[in-house]
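Trainee: Any chance you can model this:
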Amino acid sequence: MTVYFIGAGPGAADLMTVRGVRTLARCGVCLYAGSLVPRELLAECPPDARLIDTARLDLDRITEELVRADREGHDVARLHSGDPSVFSAVAEQMRRLDAAGIDYEVVPGVPAFAAAAAALKRELTVPTVGQTVVLTRLAQRATPMPEGEDLATLGRSRALLVLHLAAQYADRLVAELLPHYGADCPAAVVAMASRPDELVLRGTLDTIAHQVKEAGIRRTAVILVGQTLAAEHFRDSHLYSTGRDREGDCSVEASAG
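Mentor: This next block holds a predicted model:
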């Protein structure tokens, strides 16, 4: 059997990939993050599939379910919100599966920061304004951040920051970034991205913490800080430039995303 780590997307059921839906439909067991994964997706599972909500399970119990499915010969859909590559806690699950000799594959999903950018109707990388996006989080009750990955250090780059798990600590975030980005730096918060109750806040680093408190946002949100959020005056991309030699360039259209 195989365990498939599937990215369920940022919230809207129709933002799960076609590959993810097809994989889900052939798995006899589905372990899903009940507090985050859209319930509608469970309808894609086989009618007789065993469905297990992992919201209250620890790593040992999750591993037990995966090993049990292996012994019974069932493929497993392990549904995570967003994309498995970012803040998904799949690394420790993969380590357990490696030790147990169980095969696994990863099916990418739409990450929360991409859904947030869509809600804001913004490209996060803009020519001459910003070409770097830093995905990070705050260390409060969670695992401590590695040395050199604190906000004060990351903020020196003045790159666009996308912060997960930070809505409850907006005041601290602002205090640490103000010396590097300035009070008038554009900032935004997208809560429940892509869902019917999606909430979008736009402001500056000076105002965003107050907006978050006023809106009562505490979880399932990303905070974005950087100049590209309000960029208007910038050079057109070289990709479609009229001065580009398209005959001599084999990669007429290229994408890094």
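
Trainee: Which residue ranges make up the domains of the protein?
Mentor: Listed domain ranges for the chain are 2-107, 112-230 (source: automatic domain parsing).

Trainee: All the strands of the stretch 151-257 of the chain, in order from the start?
Mentor: Here the stretch 151-257 of the chain has its strands, by DSSP state E, counting those that start in this stretch, at 160-164, 186-191, 199-204, 221-225.

Trainee: I'd guessed residue 231 sits against residue 127; true?
Mentor: No. Residue 231 is beyond contact range of residue 127, at 9.0 Å (criterion: C-beta atoms under 8 Å). Where you see a C-beta, it was placed from the backbone N, CA and C, and this is true even at glycine.

Trainee: Wait, residue 221 touches residue 189, no?
Mentor: Yes. Counting by C-beta under 8 Å, residue 189 is a contact partner of residue 221 at 5.6 Å.

Trainee: Which neighbours do the two have in common?
Mentor: 167, 212 (C-beta atoms under 8 Å, 6 or more residues apart in numbering).

Trainee: Lowest-scoring secondary structure element of this protein by mean pLDDT?
Mentor: The helix or strand of the chain with the lowest confidence, counting by mean pLDDT, DSSP states H and E, is helix 151-155 at a mean of 92.

Trainee: Tabulate the CA atom coordinates of that helix in CSV.
Mentor: The C-alpha trace of helix 151-155 is given here as CSV (Å, rounded to 0.1, in the frame of the first residue of the first chain):
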residue,chain,number,x,y,z
LEU,A,151,11.9,38.6,12.5
ALA,A,152,14.6,41.1,13.3
THR,A,153,17.0,39.2,11.1
LEU,A,154,14.6,38.4,8.3
GLY,A,155,13.3,41.9,8.3
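
Trainee: mind listing what's buried in that helix?
Mentor: The neighbour-count check on helix 151-155 (16 or more other C-beta atoms under 10 Å) flags 151, 154-155 as buried.

Trainee: And for stretch 179-186?
Mentor: 180-181, 185-186.

Trainee: chain center to that stretch, what's the gap?
Mentor: Put simply, stretch 179-186 sits 24 Å off its chain's centre (C-alpha atoms, centre = their mean, to the nearest Å).

Trainee: what sits up against that stretch?
Mentor: Contacts of stretch 179-186 (C-beta under 8 Å, 6+ apart): 152, 155-156, 158, 177, 202-206, 225-227, 229-230.

Trainee: No further queries at this time; thank you.
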